[in-house]
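> Any chance you can model this:
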Amino acid sequence: MLTIDFERCIGCGACSNVCPNSCITMEDEGEGFLYPKINNELCAECKACSEVCGIARINEMNTESDPILDCYGAYCKQDDIRDKSSSGGVFYTLASRVLAEKGVVFGAAFDESFQVFQTAVTDAEHLEKLMGSKYVQSRTEYTYREAEGYLREGKFVYYSGTPCQIAGLKHYLKKDYCNLITQDVICHGVPSPRVWNLYLQVLTRNEKKRINRISFRDKTHGWKRYCLKVEFGDGTRYLKRHGADPMLNAFVKNMCLRSSCYHCEMKSKSGSDITLGDFWGIEDSYPSFCDDRGVSAVLCHTAKGQRLLTACADELEMMEIPAETFLKLTPGYHSSHKQPENRDSFMREIQTNDFRTTVKKYCGNSFLNRLSKKCKHLLQKRNL
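Residues are numbered from 1 along each chain as shown. Below you'll find the predicted structure:
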């Protein structure tokens, strides 16, 4: 039977997907994060769940980082796509190519209540709902089973997710498929869906309006000064920079991340074909390539990833970057953020106290914090 380590479990849902008796469900343990719950009366002790659990088998796995065959700064040549994207719009370009070949694309999307789920898209008309960052842990549901079904049919499948979700899919499938492309992201960590829901309640209570659309990374003030943007049904909007918006502030201060995110065992080791993310700091070394509209970091780890990127080369502006430069600029690719000492207190208080007041109490952006961040950036720039 699967032993659940609540400090290390990533909530990928591979165990739930593989269980032949459907005796494992993914349930909220109190902070909004999902963990497996086993119905012992239905469990046949087949050990299928243990066999696909990456955490249970971590000592048997290759612990070396995924190889970086190619590294680029890139952005989509279509201005409208780039403007709608969190960074450079490379995900849309790659995914569009898969859809053009009658394939299927999986990624994170909002539902009608702005909960975040992994979902499948089979036509370009609906691809936009997978675009843009969603700073909430998405529910994989049974998309691993769904992806496996498409793969067995011979369809081209592109699965985009966090490193832990990609690792979960790879463990679930147990073998590589020539028609599968996996793409993970440079992950900061995944915030609590419960904290997100509390934030949504604050928005709707204060504004007393229906929400139509949410963007975590709106570029109204530029890529580097990104904002959280909420569009309401009456045509009005809410627009706040990450330091001023309480949800984004709690996220960037690492207060509401999943426990396993503070010591992630899947960063740079998910087994993905491609990694995408923001190429922060690229302007220091390659200023002519940056216009504050977003640049993606693109890492190819496999020949499959290289082939897909090459097929899309005419639709992208790309600049090859030494992997060493990328790794210096982006320590978050392979390093986890330290858990704040008062993180657990924050997670308890946010569920009962005023949302904005609690965030301000624990995440106040003091002058010393801002000065420290600026000094760190200047030192990093000097060392390049």
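> Tell me the confidence at residue 243?
Looking at residue 243, its pLDDT stands at 86.
> I'd like the distance between it and residue 262.
22 Å (CB to CB, to the nearest Å). Quick note: C-beta positions are derived from backbone N, CA and C, even for glycine.
> Which parts of this structure are helices?
14-18, 48-52, 79-84, 90-100, 143-152, 163-173, 193-207, 246-252, 282-285, 303-311, 323-329, 343-349, 355-363, 367-383 (DSSP state H).
> For the third one, enumerate the helices and strands it packs against.
The criterion is 3 or more CB pairs under 8 Å, 6 or more residues apart in numbering; DSSP states H and E, and there are no helices or strands that helix 79-84 contacts.
> Tell me the buried residues in it?
81-82, 84 (16 or more other CB atoms under 10 Å).
> again, but for the fourth one
Residues of helix 90-100 classed as buried by neighbour count (16+ other CB under 10 Å): 90-99.
> so how far is it off the chain centroid?
18 Å (CA atoms, centre = their mean, to the nearest Å).
> ok, residues contacting it?
If you take CB atoms under 8 Å, 6 or more residues apart in numbering as the criterion, helix 90-100 is touched by 74-76, 81, 85, 104-105, 107, 121-124, 127-128, 130-131, 156-158, 160, 181, 183, 274, 276, 296, 298, 308-309, 311-312, 315-316.
> Please apply the same query to the first one.
The set of residues external to helix 14-18 that reach it, using CB under 8 Å, 6+ apart, is 2, 24-26, 36, 48-54, 140, 142, 144-145, 168-169, 171-172.
> So for stretch 173-184, what gets flagged as buried?
Under the neighbour-count criterion of 16+ other CB under 10 Å, stretch 173-184 has 173, 177, 179-184 buried.
> can you give me the strands for the stretch 151-300 of the chain?
Assigned by DSSP state E, counting those that start in this stretch, the strands in the stretch 151-300 of the chain fall at 157-160, 180-185, 211-218, 227-232, 237-241, 274-278, 296-300.
> okay, those strands in a markdown table with distance to residue 201 next?
Output for the strands of the stretch 151-300 of the chain, formatted as a markdown table (distance: least, CB to CB, whole Å):
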| stretch | distance to residue 201 |
| --- | --- |
| strand 157-160 | 29 |
| strand 180-185 | 28 |
| strand 211-218 | 11 |
| strand 227-232 | 13 |
| strand 237-241 | 14 |
| strand 274-278 | 29 |
| strand 296-300 | 33 |
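> Tell me the spacing between residue 210 and residue 337.
35 Å.
> of the two, who's got more company?
A direct count of neighbours by other CB atoms under 10 Å for residue 210 and residue 337 places residue 337 higher, at 17 against 9.
> For the spatially closest residue to the more buried one that is not a sequence neighbour, give me its contacts.
For residue 337, ignoring the flanking residues on the chain, the nearest one in space by CB to CB, 6 or more residues apart in numbering is residue 254 at 4.6 Å. Neighbouring residues of residue 254 by CB under 8 Å, 6+ apart: 189, 262, 337-340, 343.
> Which of those residues has the largest number of neighbours?
Busiest of the contacts of residue 254 [other CB under 10 Å] is residue 189, holding 21 neighbours.
> correct me, but that residue touches residue 258?
Yes. Shown here, residue 189 and residue 258 form a contact pair, counting by CB atoms under 8 Å, at 6.9 Å.
> Identify the contacts common to the two.
By CB under 8 Å, 6+ apart, no residue touches both residue 189 and residue 258.
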